[in-house]
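> When you get a sec, could you give me coordinates for this:
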Amino acid sequence: MTYTDRNSFAAQLLTSDTDTFSGSVYTSGDSPGGPPNARSYTNAGMSAVRGETDFTATYFSSNYVFGPFGTGSNTYYCAGCNGSFTLGFTTTSLGTNLGVGGVGLDILFNNTIKENRYSAFVTFGDGSMQTYALPAGKSFFGIASDLLVSSINFTSSPTGGSRGACCFIIDNLTIGAAAPILAPIPIPAGLPLVLSGVGLLGLVGRRRSRFGGSS
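Predicted structure coming up:
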C-alpha cells in the first residue's frame with residue numbers, strides 16, 4: 001500500500017528510524033570534489049554513516065548531503081543531484097535480509113519536465129517489482145507491504161535503468177517494521193445459503209409454536 005501523507009504512513013509502523021541527513025551526523029565526506037555547500041560520499045561511505053540504508057548512486061559516482069552544516073538543519077540528500085540512485089534495505093536492524101515493512105521519504109523536488117521526472121521502482125522481498133509514478137515538485141512517498149521492501153530505485157529512465165537528469169532531492173528517509181496489512185476474510189460461497197436456511201427453519205418453528213402446531 002502506498003501513502004502520500006507522512007502521518008498516515010507512520011501510523012502503519014511498529015518501529016522506525018528516520019534519517020534527516022543532519023550535518024551533525026554527516027560530518028565529513030569520504031569522496032573528493034562536489035559543490036562547496038555539500039559533503040560528498042562514496043556509496044560505501046554514505047551507507048556506513050548510519051548503517052541502516054544502503055545508498056548506491058547508479059549514474060554519478062557520488063552521494064551528496066547538502067547544508068547548511070552550521071546548524072545541522074535544512075539538510076537533504078541527492079545522488080549528484082542529477083542522477084539515479086538505489087536505496088537498499090536488506091542489511092538494516094529494522095528488518096530482515098529480505099527488507100523492511102515500510103519506507104517513506106519527503107521528496108523536496110522532482111523534475112517538472114515529464115521526460116525527466118523520476119519514478120520509484122520498488123523490489124519486494126519475494127523478488128517481484130512494481131513501478132510507482134511520482135508527482136512533479138514536492139511530495140511524500142511511502143510504501144508498506146507484508147512482502148517487505150528490499151530496495152527502491154529512483155530514476156527518470158522509463159525502464160528503470162541508470163540515467164542522469166536534473167533534479168531529484170529527498171529528505172527525512174524513514175524505514176521501519178510495519179504492522180501486518182490484513183486482507184478481508186473471504187466468506188465461503190455456500191455460507192449465505194446455509195445461514196438463510198437456518199433462518200427459514202427458525203421462522204417456521206416460531207410459526208408452529210404460535211399456532212400450537214406439531215409434527
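
> all strands in this protein, in order from the N-terminus.
For the chain, the strands defined by DSSP state E cover 2-3, 13-19, 38-41, 54-57, 63-66, 76-78, 85-88, 100-110, 119-124, 129-133, 139-155, 168-178.

> Give me the below-cutoff pLDDT ranges for this protein.
In the predicted model, the chain carries pLDDT under 70 at residues 68-73, 180-215.

> which residue is nearest the middle of it?
In the chain, the C-alpha nearest the mean C-alpha coordinate belongs to V103, at 3.0 Å (Cα atoms, centre = their mean).

> if we can go back for a sec, of the strands of the chain, which is nearest G29?
strand 38-41 (3.9 Å; Cβ to Cβ). Where C-beta positions appear, they are placed from N, C-alpha and C, glycine not excepted.

> count of residues packed around A44?
12 (other Cβ atoms under 10 Å).

> Let me know the distance separating it from A10.
When distance is defined by Cβ to Cβ, to the nearest Å, A44 is 30 Å away from A10.

> R50 too?
In terms of Cβ to Cβ, R50 sits 19 Å off from A10.

> before we move on, back to that, let me have the strands of the chain in a markdown table, extended by distance to V25.
Output for the strands of the chain, formatted as a markdown table (distance: least, Cβ to Cβ, whole Å):
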| stretch | distance to V25 |
| --- | --- |
| strand 2-3 | 26 |
| strand 13-19 | 8 |
| strand 38-41 | 11 |
| strand 54-57 | 14 |
| strand 63-66 | 9 |
| strand 76-78 | 12 |
| strand 85-88 | 17 |
| strand 100-110 | 17 |
| strand 119-124 | 25 |
| strand 129-133 | 28 |
| strand 139-155 | 21 |
| strand 168-178 | 12 |
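
> Specify the beta-bridge partners of S151.
For S151, the beta-bridge partners are G88, T123 (DSSP bridges).

> any idea how far it lies from A38?
Counting by Cβ to Cβ, the gap between S151 and A38 amounts to 24 Å.

> and those two? which has more neighbours close in?
A38 (23 against 19).

> Can you verify my assumption that that one contacts F66?
Yes - proximity of A38 to F66 meets the contact threshold set by Cβ atoms under 8 Å, at 4.8 Å.

> sorry, back to before: could you double-check that the residue nearest to the centre of the chain lies in contact with F89?
Yes - under the contact definition of Cβ under 8 Å, V103 touches F89, with a separation of 6.6 Å.

> what is in contact with these two at once?
Shared contacts of V103 and F89, defined by Cβ atoms under 8 Å, 6 or more residues apart in numbering, are found at V149, I175.
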